[in-house]
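Asker: For reference, the sequence and a predicted model appear below.
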Amino acid sequence: MQTRILPIDENSLKLSEKIILNGGTVAFPTETVYGLGANAFDGLAVKNVFKIKGRPNDNPLIVHVHKDYDILNLVSYVPEYAKSLAKAFLPGPLTMVYKSKGVVSSAVSCGLDTIAVRIPSHDGAQKFLKYLNLPIAAPSANISKHVSPVTAEHVYSDLDGKVEVILDGGKCSGGIESTVLDCTGEIPVVLRSGLITRDMIA
Ligand code: AMP
Ligand code: MG
């Protein structure tokens, strides 16, 4: 497979859509790190993401959606505190875990009854997600245990020959992963610290 780095425009978005709808993967920029995206409804495509990365199949993936996507398509319940946090921090580097409706492939959450949802603020990510209008399961676009990529070239050095298209959105400003917040209980619980701090959430 030939790997191409492309600027984000109508042509590359159209090609990315074709790849994703055919069960392939596309790397795309976010404000934290580059992601390796697949259609969250497509179990084979999602499993392929694990395979490409050499990611253990008990480490669930985050689902990415555009800012106007109705997450009630994916999650069964959003508590009041989560609505306030979403208003304060989204789009942005905060991933929120909810009870899943179970409509995406079970491979995304490794069989858990929850789903991690993120709405990235990066303009290129928004363009990609909006164009597809699909939930995109995406871990960082690197081989497991390698450093998370913050440029298209960095993705290329890890995934050349393993991903068809890398959408080039320049250097990611964040460089570290999103904060993961469990929103399934009475109060939110930080599962992974990141750019949005516990103090900011409090
Ligand atoms: P990565 O894709 O490497 O940034 O990792 C995604 C992070 O989100 C990991 O720490 C996962 O454990 C966490 N995560 C994803 N889905 C869930 C979920 N359903 N419940 C709890 N944590 C999750
Ligand atoms: Mg990672």
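Answerer: Arrived safely, thanks for sending. Ligands and ions are numbered 1, 2, ... in the order given.
Asker: count of neighbours near the nearest residue to residue 150 once chain neighbours are set aside?
Answerer: Nearest residue to residue 150, sequence neighbours excluded (CB to CB, 6 or more residues apart in numbering): residue 172, at 4.3 Å. For glycine as for every other residue, the C-beta is placed from the backbone atoms N, C-alpha and C. Look at residue 172: counted by other CB atoms under 10 Å, it has 23 neighbours.
Asker: Residue 185 now?
Answerer: By other CB under 10 Å, the residues close to residue 185 number 10.
Asker: host element of it?
Answerer: Of the helices and strands defined by DSSP states H and E, none includes residue 185.
Asker: Tell me the spacing between it and ligand 1.
Answerer: Between residue 185 and ligand 1 the distance is 12 Å, computed by CB to the nearest ligand atom, to the nearest Å.
Asker: Up against ligand 1, what does the protein have?
Answerer: 59-62, 97, 109, 112, 114-116, 139-140, 177, 180, 191-192 (CB under 6 Å from any ligand atom).
Asker: any idea of the pLDDT on residue 52?
Answerer: We note a pLDDT of 98 for residue 52 in this prediction.
Asker: My read is that it contacts residue 36, right?
Answerer: Yes: between residue 52 and residue 36 there is a contact under CB atoms under 8 Å: 6.7 Å.
Asker: neighbour-wise, which of those two wins?
Answerer: residue 36 (28 against 20).
Asker: mind listing what that one touches?
Answerer: 25, 27, 49, 52-53, 138-142, 155, 159, 163 (CB atoms under 8 Å, 6 or more residues apart in numbering).
Asker: count of neighbours near residue 169?
Answerer: 21.
Asker: Quick check: it vs residue 95, distance?
Answerer: 19 Å (CB to CB, to the nearest Å).
Asker: per-residue pLDDT, the residue nearest to residue 150?
Answerer: Reported pLDDT for residue 172: 96.
Asker: residues contacting it?
Answerer: By CB under 8 Å, 6+ apart, the contact set of residue 172 is 29-34, 122, 150-151.
Asker: Try it again at 10 Å.
Answerer: If you count contacts by CB atoms under 10 Å, 6 or more residues apart in numbering, residue 172 has them with 29-35, 120, 122, 124-125, 148-151, 154.
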